[in-house]
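# Here is the input, now give the coordinates:
(2 chains)
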Amino acid sequence: MTTQMRLQLDARVVSKARRLAERAAAPVVELARTHTTTSVERAVLRLAGLSGADAEGIPWVNRLADAVRADVGLEHGVALPVYDALATGDHADLAALAQKAAAGGVRFRIPQGREAARAASAARRAVGGGITRIDRSRRERDRLVRRLGDPPKPWIYLIVATGDIHEDIPQAQAAARAGADVIAVIRSTGQSLLDYVPEGATREGFAGTYATQENFRLMRAALDEVSRELGRYIRLTNYASGLCMPEIATLAGLERLDMMLNDCMYGIIFRDINPQRTFIDQRFSRQIHARAGIIINTGEDNYLTTADAVDAAHTVVVSQLLNERFGLEAGLEDWQLGLGHAFEINPGLPEQFRLELAHAQLVRELFPNAPLKYMPPTKHMTGNVFFGYLLDAFFNLAGVLTGQEIILVGMMTEGIVTPFLSDRDLALENVRYVRDACAGLAEDFVPAPDGFIATRARQVLGESVELLERIAADGLFEAIADGTFGITRRPSDGGRGLDGVVARADGYLNPASELLEGTPA
Amino acid sequence: MTEPRHVRPYGDTTGDGMVQVSFTLPVPPGPRAEAAAALFAQKMGLDPTFVVHAKGIGERFTFFVVYGRSAVILDLDEVQVIEREFPLLTAKEVNLEVRSRLKRRMVIVGATVGTDAHTVGLDAILNVKGFAGEKGLESYRELRVVNLGAQVDATELVRRAVDERADALLVSQVVTQRDAHLQHVREVAAALDAGWPAGAARPLLLVGGPRFDPSAAASMGADRVFTKGTTPREVASYLVHTLGLPAASGSHRRSARVSA
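Residues are numbered from 1 along each chain as shown, chains lettered A, B, ... in the order given. Reported below is the predicted structural model:
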């Protein structure tokens, strides 16, 4: 999609904003380059082919990483001690080693010299096998998109969440037949705070379905089936967030998920996950997404559910610029940056729709090559489903007018009940009507050069630059601790998961990072 | 003019009893589905019924909009409702009352409990930003807010409440699958019973969430339920009210600590 520039944004201001974002991100990137986490190390083990769980449902990757940590710490990564133990002990494979280690029957050490070189090369071979599987999934997606066809933009994004993967599947297929281009399976409440990824097909969840490798595989297969029936490739989305972000990104790459929610600050702000843990995990997960050809979705829409959508408009733009910076640094390309924003201004405010248009068009022009993800109203959805339906239509109109590329379908029962079958059908009818009735209307949308919309957009950009200046000067961790985003204060040594952060020692080995940071295959 | 005691729904004429409903039946679209919808509406007590809209959803379902006349006549004397029994105060009034009566800051500890990770309701009441144009309790000078965030274990919540010498616990619950919200509140109430020091005035247990029944507070071991749309001011006003202020109701168990 070619973006028409209509707001006369000052190119110097835009590039200043990007420079500031880069400066603000730099210390955080440095932290991520020099640290690892328990979940990053477990992701390495998953890439090396370790899967499954013990009788208590705790994955073998957790058992093995914990055993390594207890003996030698994680400062050198798991790869060296694990492949040293494999080479020197009598273990059939990784799984056998993990079982024995969990039972306390393995003593890990950090190999030196020739032994270290031997362990490193075995680890590189094994982890390289995982990366090859991710590459193969990506080629398979490319092939299917070519053969079946890519839906035209905007993609219609619909959520499924029953808690039972075997209920989700028919609902997802029905949604695709009714017009959905992207299916998101919402995760069970609380999964983000689990420090392990559950195993197997799951039939029970709270307000969502657990993200597991087997659930990913089942749903992707079901969508492949319906994609063939419909003659368009239906994309699958899940959530690479929470304490297991790197592992879930890895599973998504292996099982050919197409888009992943992956925000740089969401877990910090809304789930109280430790900021350092989040940024380290995030960088690795984005490197995986980059390699896997996965489009990330960022979560700026969430800020507006706690903060005021007018007052905090610039915090959305600042977060988008940071997400872009962190994403590009990790190797993502522009087409993989599904930057998020939302239609959340109080409908009781005069000129609400003009303000929404100003914000949406500003984001469109700031990120002309990113597939923006536009989120429907939630905060101002009341029990009045009739008004909610009207508001969703205005949201759809704003999306079409400003060329948003991924449009989440708004439900008139948002926040009231789990959507009825009929709610979803009515919502899709709403989107289809607006998209068809207003097809091409975007080309007629030319805000007056110094009118309300253009002026407001420039004002928000200006405020964004001011905030970025402050963040670049004070530090991003300080800004987050100060409640800059989503109003919530999150100190960098607070929240969950800090105990899983480890500084890398000299001689740290992570074969996955080596491959992901090297020249792309 | 006095309000009539007996009423019926109002469509466009007094006493016409007209209502509108929409629903989906697992019946393939067609004349049989529409007849089924009319019959269903009749069995709901609507007569006559008008199936004004029928649309297939996939091959197995049909969605309907139905108008009809309900025969129900409502006796307003039978209506039971819990009305707010305390005055709604401004932030300034709340601060003034707390300062003059409690003579220290009131301590409020909030969390979502158990598996529930949704802090949106909790943050709406506690965060400075607040909700519906009202600032949250953090912004009240005479209230000290400790927001523990998501998925706090019930015993941990009570332990923190003891440490902070809490006057009130705010428990927010959004997820309701298999009645998790009721279960989690009962866990907090039980933890309070088990973990609160003997002799000390127990803090209030306030519960908030979209799916709670306001009349069921006592059955969960809670003092008060706040439902969808509650604003920070309402919660703050209730807290002041329980101090026996400004109208000295004085009946609440917290009054022991106020006079101490």
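
# which residues of the chain score low on pLDDT?
Let's take chain A. Within chain A, the ranges that satisfy pLDDT under 70 run A:1-3, A:306, A:415, A:486-488, A:519-521.

# oops, I was thinking of chain B
Counting by pLDDT under 70, chain B contains low-confidence ranges at B:1, B:117, B:128-130, B:132-133, B:244-260.

# Would you quantify the distance from the residue lying farthest from the centre of it to chain A?
Going by CA atoms, centre = their mean, the residue of chain B most distant from its centre is B:P31, 42.3 Å out. Remark: distance between B:P31 and chain A (CB to the nearest CB, to the nearest Å) = 20 Å. All C-beta atoms are positioned from the backbone trio N, CA, C, and that covers glycine.

# which residues touch that residue?
Going by CB atoms under 8 Å, 6 or more residues apart in numbering or on different chains, B:P31 touches no other residue.

# secondary structure class for residue 23?
No chain in the question, so chain A it is. helix (DSSP: H, G, I helix; E, B strand; the rest coil).

# ah, no, chain B please
Taking three-state DSSP as the rule, one finds B:F23 in the strand state.

# which residues does it bridge with?
Counting by DSSP bridges, B:F23 is bridged to B:F64.

# From what I see, it and B:F64 are in contact.
Yes: with contact defined as CB atoms under 8 Å, B:F23 and B:F64 form a contacting pair (6.0 Å).

# of these two, who's got more company?
For B:F23 versus B:F64, the count of surrounding residues by other CB atoms under 10 Å in any protein chain shown is larger for B:F64: 23 against 15.

# May I ask you to confirm that the more buried one is in contact with B:P29?
No: when contacts are counted by CB under 8 Å, B:F64 is not listed as touching B:P29 (10.0 Å).

# residues shared between the contacts of these two?
The contact sets of B:F64 and B:P29 overlap at B:A54 (CB under 8 Å, 6+ apart).

# Which of the three states applies to residue 62?
Just so you know, I chose chain A. When classified by three-state DSSP, A:N62 comes out as helix.

# actually chain B
Secondary structure for B:T62, judged by three-state DSSP, is strand.

# Mind listing what's buried along the helix or strand harbouring B:A194?
Element membership for B:A194, per DSSP states H and E: helix B:180-195. Neighbour-count burial for helix B:180-195 flags B:180-182, B:184-189, B:191-192 (criterion: 16 or more other CB atoms under 10 Å in any protein chain shown).

# So chain A: which segments form each domain?
Annotated domains of chain A cover A:1-33+A:242-499, A:35-128, A:149-239 [automatic domain parsing].

# repeat for chain B
B:15-76, B:91-259.

# right, so of the ones you listed, which gets closest to A:D272?
A:D272 lies closest to domain B:91-259 among those, at 4.4 Å (CB to CB).

# Can you show me the helices along chain B?
For chain B, applying DSSP state H gives helices covering B:31-43, B:91-97, B:120-126, B:154-164, B:180-195, B:217-220, B:232-242, B:255-259.

# For A:L337, which of these is the nearest?
Nearest to A:L337, of all these, is helix B:120-126, at 26.1 Å by CB to CB.

# what's near enough to touch the residue nearest to the spatial centre of chain B?
Centroid check for chain B by CA atoms, centre = their mean gives B:T227 as the closest residue, at 1.5 Å. Contact analysis of B:T227 by CB under 8 Å, 6+ apart lists B:208-210, B:212, B:214.

# so which of these also contact chain A?
Subset of the contacts of B:T227 in contact with chain A: B:P210, counting by CB under 8 Å from any CB of the partner chain.

# what separates the lengthiest strand in chain B from the chain centre, distance-wise?
Longest strand in chain B, counting residues (DSSP state E): strand B:46-57. Once both centres are worked out by CA atoms, centre = their mean, to the nearest Å, strand B:46-57 turns out to sit 33 Å from its chain's centre.

# likewise stretch B:41-56?
Distance, centroid of stretch B:41-56 to centroid of chain: 32 Å (CA atoms, centre = their mean).

# And for stretch B:195-211?
17 Å.

# do stretch A:88-104 as well
34 Å.

# what about whichever residue of the stretch 1-150 of chain A sits closest to chain B, distance to A:G242?
Distances between the stretch 1-150 of chain A and chain B by CB to the nearest CB are smallest at A:G57, namely 15.8 Å. Between A:G57 and A:G242 the distance is 17 Å, computed by CB to CB, to the nearest Å.
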